[in-house]
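build me a model from this:
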Amino acid sequence: MLKFEKADSKDAEALTKVQIRAFSNDVKICGGGPPGYDSVDKQISLMKNQIYYKILDFGKIIGGFIVKSEGKGQYELYRLFIDPDYQGKGIGSRTLMYIEKELIDAVKIVLETPSFNIKNHAFY
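Have a look, this model is predicted:
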């Protein structure tokens, strides 16, 4: 059963491991992933300063997302990641619907994705 919960520091290691798996293709193509994706300390910092959720499937962390508030109803979907074993199952779409529902004051939500990642382009 899919659930979304606020992440905290005890989740940082598991979320880092999922990101390393999720961004492994980016690493192969361009030599790296998003800033701090492979750092437990960076995850903890993001949890303190941004809106950071974990995605759970029957209690197991399978992904997460980070949203930055830019003020006045403006948000940036800073990062969305799902373990490769769980991709292609509608979890990303359900996550986007959850984000839209939770950000009730949102006027605009923006995101950025690498130009080489055609799979992301099709999804977003």
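
from here on, contacts and neighbour counts on C-alpha atoms
Fine.

dihedrals phi and psi, the closest residue to residue 107 other than its chain neighbours?
The shortest distance from residue 107 to any non-neighbouring residue, by C-alpha to C-alpha, 6 or more residues apart in numbering, is to residue 73 (4.9 Å). With angles defined as degrees, to the nearest 10, residue 73 sits at phi 80, psi 10.

how about residue 73, what does it touch?
105-108 (C-alpha atoms under 8 Å, 6 or more residues apart in numbering).

among those, which are in strands?
Secondary structure from DSSP state E places residue 108 of those in strands.

most neighbours, which of the contacts of residue 73?
When neighbours are taken as other C-alpha atoms under 10 Å, the top entry among these is residue 106 (16 neighbours).

from residue 45, how far off is that one?
24 Å (C-alpha to C-alpha, to the nearest Å).

please apply the same query to residue 2.
25 Å.

so residue 47 sits in a strand?
No - applying DSSP: H, G, I helix; E, B strand; the rest coil, one finds residue 47 to be helix, outside a strand.

my read is that it contacts residue 8, right?
Yes - using C-alpha atoms under 8 Å, residue 47 is in contact with residue 8, at 6.4 Å.

okay, these two: which has more neighbours?
residue 47 (19 against 15).

thinking again about what came up before, now, among the contacts of residue 73, which is nearest to residue 60?
The closest of the contacts of residue 73 to residue 60 turns out to be residue 106 (C-alpha to C-alpha; 29.0 Å).

ok, the closest one to residue 75 distance?
Residue 106 is 7 Å from residue 75, by C-alpha to C-alpha.

check residue 38 too.
24 Å.

in this protein, which helix or strand is least confident?
Lowest by mean pLDDT, DSSP states H and E among the helices and strands of the chain is helix 118-123, with a mean of 46.

I'm done for today, thanks for sticking with me.
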